[in-house]
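Engineer: Need coordinates for the following:
(one chain, ligands or ions: 1)
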Amino acid sequence: METVVSGIRPTGMLHIGNYFGAVRNFIQLQESYPCYFFIADFHSLTTHPTPANLHSSVKRVLAEYLAVGLNPEKATLYLQSDVPEVAELYLYFNMNAYLGELERVSSFKEKARSQPDNINAGLLTYPVLMAADILLHKGTRVPVGKDQEQHLEMARTFGNRFNRLYQAEVFPEPQAFSETAELVKVPGLTGAGKMSKSAGEADCIYLAEPADSLHKKIMRAKTDSGPAEPGSKPSEAVQNLFDLMKLVCSADVCTFYHVAYQEGTIRYGDMKKQLAEDMELFIAPWREKISAILANDNLLAKTASLGAEKARASAAATLAEVRHLIGFRKFY
Ligand code: TYM
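Structural biologist: Below is the predicted model:
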């Protein structure tokens, strides 16, 4: 049986990279499979958020999950920290996770470079906690963006290693999943790489982005001085704008600007204006919904408590099996 598991770190507002990379698939998958979607608040501790920031970010993600269409009656929506069993499974996996393999993970190497004064053990064992998140519910499909591919490989490694060590078939092999043929990488507005908060506010388009800042951010997005010659390849910054257009503009509009680029008649200002308009149409319905849900403490509380109850039931069943395999026996 397929079981779907995925999560998002609460670091403030969700952006359209999170939406197209992951959440869009959550919404589809909740219709057909048992799904566990959580807010990875344990994971977010690697960056040492203040208690107030942590709480408001968690609340936002929960509200945004609901606003874009996740249904707590269909999928299990919960906070990672409401399910302490995940910390226990993380502990067991850590006993068979080795320094060499953890140090080789690209996301760790990147963080060690970008925050040299905070290379904590939580960062090093980040993929171990992810494996515990997924395998806690015996997850087989994990809807994620392209940047999580290597973490999924580690989850398979830790699950298989546990199975071998205890000669049991407890854990399945989870696979990264996307509705599209390839895992998605949504580019940012600052010209290089994936859309990401660590690239700064100007890089991201948030699901709740106000109309005026949305327009400003897109109009300021990086471009270049135009096609070098007819038929030349766009620069990374311009290709990123084409990729963003593909997400929210009609096929006709995309073709129009591609042809204009090829013919050397493109005006980047017009192209950005079009992108800003179509992006506004796309996200506008969410803006109000998000603020309404953020003000509805009762709905948020009901969602989180229902999710915690369902997630803990599933986690407890897995942990009972795991503890027995390891050799823990009760004396009382
Ligand atoms: P996080 O919080 O960085 O991102 C959440 C999800 O959004 C996707 N994503 C993107 N996809 C495409 N283009 C982008 N620019 C982009 N930016 C973000 C991510 O791939 C991810 O799917 N480690 C995870 C959270 C996590 C998790 C898990 C995920 C913790 N435990 C277990 C799956 C299963 C993370 O930091 O994602």
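
Engineer: Would you tell me what the next helix or strand after the strand or helix carrying residue 290 is?
Structural biologist: Assigned by DSSP states H and E, residue 290 belongs to helix 268-294. Remark: after helix 268-294, the chain's next helix or strand is helix 297-326, criterion DSSP H and E.

Engineer: Output the contacting helices and strands for that following helix.
Structural biologist: strand 35-39, helix 51-68, strand 76-79, helix 85-94 (3 or more CB pairs under 8 Å, 6 or more residues apart in numbering; DSSP states H and E). Every residue, glycine included, has its C-beta placed from N, CA and C.

Engineer: Could you dump these into JSON lines with mean pLDDT and distance to the ligand added?
Structural biologist: Listed next are the helices and strands packed on helix 297-326 as JSON lines, based on pLDDT from 0 to 100; distance: least, CB to the nearest ligand atom, whole Å:
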{"stretch": "strand 35-39", "mean pLDDT": "98", "distance to the ligand": "7"}
{"stretch": "helix 51-68", "mean pLDDT": "98", "distance to the ligand": "9"}
{"stretch": "strand 76-79", "mean pLDDT": "98", "distance to the ligand": "12"}
{"stretch": "helix 85-94", "mean pLDDT": "98", "distance to the ligand": "9"}
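
Engineer: Report the contact partners of residue 149.
Structural biologist: Shown in contact with residue 149 (CB atoms under 8 Å, 6 or more residues apart in numbering): 176, 183.

Engineer: Look at it and give its secondary structure.
Structural biologist: helix (DSSP: H, G, I helix; E, B strand; the rest coil).

Engineer: which of the helices and strands packed on helix 297-326 sits most buried?
Structural biologist: strand 35-39 (a mean of 26; mean count of other CB atoms under 10 Å).

Engineer: Just the angle for it relative to helix 51-68, thanks.
Structural biologist: Interaxial angle, strand 35-39 versus helix 51-68 (axes from the mean of the first three to the mean of the last three CA atoms, to 10 degrees): 150 degrees.

Engineer: Sheet-wise, list the partners of strand 35-39 with their directions.
Structural biologist: Strand 35-39 has its sheet partners listed here by DSSP bridges as strand 4-8 (parallel), strand 76-79 (parallel).

Engineer: Mind giving me the packing neighbours of the helix holding residue 290?
Structural biologist: Against helix 268-294 (3+ CB pairs under 8 Å, 6+ apart) you get helix 51-68, helix 211-219, helix 236-248, helix 251-263.

Engineer: what do you get if the cut-off is 6 Å, keeping everything else the same?
Structural biologist: Counting contacts by 3 or more CB pairs under 6 Å, 6 or more residues apart in numbering; DSSP states H and E, helix 268-294 packs against helix 51-68, helix 211-219, helix 236-248.

Engineer: What are the contacting residues of the shortest one?
Structural biologist: The contact list for helix 211-219 (CB atoms under 6 Å, 6 or more residues apart in numbering) reads 189, 272, 275, 276, 280.

Engineer: Check the first one too.
Structural biologist: Among residues not part of helix 51-68, those counted as contacts by CB under 6 Å, 6+ apart are 8, 10-14, 23, 39, 41, 77, 207, 286, 289-290, 293-294, 300.

Engineer: hey, where'd the helices end up in the stretch 101-250 of the chain?
Structural biologist: Assigned by DSSP state H, counting those that start in this stretch, the helices in the stretch 101-250 of the chain fall at 106-114, 121-124, 126-135, 149-165, 211-219, 236-248.
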